[in-house]
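> Sharing a sequence plus its predicted fold:
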Amino acid sequence: MRLQGRVTAITGGALGIGRATALAFAAEGALVALGDVEVAGAEAVAREIGERGGRAIAIPVDVGDAGQVAAFVERVVATYGRLDVMFANAGIAHSAPFLEHPEAQWHRVLRVNLTGVFLCCQAAARQMVAQGGGRIITTASINGFRGVENLVGYNAAKAGVIELTRTMAVELARHEITVNAIAPAQIDTRLTRGLPEEARRRRVERIPLGRFGEPEDVARAAVFLASDDASYITGHTLAVDGGYLAGGLWSGGPGRLPPARA
């Protein structure tokens, strides 16, 4: 029970990484608040946590709206009395070639994926300063390090999240607040399940471990960063990527390395 009694707010908590993280945090003893525009999905996750003996609430929130974000944090504090961990995870994507990428979609993606992270972290940090400390975790992406085709808005936003995380870590350290990011590679979620089979195959071939990650892989990293085990880690971006970033120009695909020799 590494997170016993710690109040944790998770945005994008209805599905995928957010849902898996909420379940993992609750299993470690955390009190969970799920924020999402898909409030019915968040409520379903909250019920699932309750059925497992945990405690969770669901709160509707559009992370790109400063007023809604402030109300979200206020509701969390009113319910649980404090806020110990903010996992700013909500995100969306739009795929289009750079030359054809609609301006409206550029603004939409940055509003959720970058401005939304800024607003959630700022509101959480203000509460944490008042209470004497806390943990902030953001969801970045390996796309913040690599120029993945057809995702210019997503890539730019995730690169921004990485630098936002570093800046917050430097400024908030004096308040006993740590700030770290998780950078997943291809995770098996609703966003990636819609990829054509050929596109999935090409992406798997770029991952040395030879598979997509699971939401639980990211959830376990988030639990670590929120726990006392990570008390001296701040300003770091932890890649949960099956070796993708380490692979450089790797294109061997799973099982294509020569066999190990004794």
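Everything's here; your move. Residues are numbered from 1 along each chain as shown.

> Next secondary structure element downstream of the helix or strand where Ala219 lies?
If you go by DSSP states H and E, Ala219 is part of helix 215-226. Helices and strands here follow DSSP H and E; after helix 215-226, the next one along the chain is strand 237-240.

> In terms of secondary structure, what does that next one contact?
Using 3 or more CB pairs under 8 Å, 6 or more residues apart in numbering; DSSP states H and E, the elements in contact with strand 237-240 are strand 177-184, helix 215-226. For glycine as for every other residue, the C-beta is placed from the backbone atoms N, C-alpha and C.

> Tell me the gap between the first one and the middle of its chain.
Distance of strand 177-184 from its chain centroid, counting by CA atoms, centre = their mean, to the nearest Å, is 8 Å.

> Then the last one?
Its chain's C-alpha centre and that of helix 215-226 lie 9 Å apart, by CA atoms, centre = their mean.

> Show me what it packs onto, helices and strands only.
So helix 215-226, by 3+ CB pairs under 8 Å, 6+ apart, packs with helix 16-27, strand 85-88, strand 134-139, strand 177-184, strand 237-240.

> for the first one, same thing?
For strand 177-184, the helices and strands in contact under the criterion 3+ CB pairs under 8 Å, 6+ apart are helix 116-131, strand 134-139, helix 152-172, helix 215-226, strand 237-240.

> contacting residues around the helix holding Ala219?
Outside helix 215-226, the residues within contact range by CB atoms under 8 Å, 6 or more residues apart in numbering are 2-3, 6, 8, 16-17, 19-21, 23-25, 28, 30, 85, 87, 135, 137, 139, 178, 180, 182, 184, 187-189, 230, 233, 238, 240.

> Just the buried ones from those?
3, 6, 8, 16-17, 19-21, 23-25, 28, 30, 85, 87, 135, 137, 139, 178, 180, 182, 184, 187, 189, 230, 238, 240 (16 or more other CB atoms under 10 Å).

> Quick one: classify the nearest residue to Phe25 once chain neighbours are set aside as helix, strand or coil.
Nearest non-adjacent residue to Phe25, counting by CB to CB, 6 or more residues apart in numbering: Thr8, 5.0 Å away. Of the three states, Thr8 takes strand under DSSP: H, G, I helix; E, B strand; the rest coil.

> Just to check, Thr8 is in contact with Ala27?
No. The pair Thr8 and Ala27 does not pass the contact test of CB atoms under 8 Å, sitting 11.9 Å apart.

> Let me see the contact set for the residue nearest to Phe25.
Taking CB under 8 Å, 6+ apart as the test, what Thr8 contacts is 25, 30-33, 84-87, 226.

> The residues you listed into a markdown table, with extra columns for distance to Ala78?
A markdown table is the format used below for the contacts of Thr8 (distance: CB to CB, whole Å):
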| residue | distance to Ala78 |
| --- | --- |
| Phe25 | 20 |
| Ala30 | 18 |
| Leu31 | 13 |
| Val32 | 15 |
| Ala33 | 10 |
| Asp84 | 15 |
| Val85 | 17 |
| Met86 | 16 |
| Phe87 | 19 |
| Ala226 | 22 |
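
> Looking at the residues you listed, which is nearest Gln68?
Ala33 (13.7 Å; CB to CB).

> Perfect, I'm done here.
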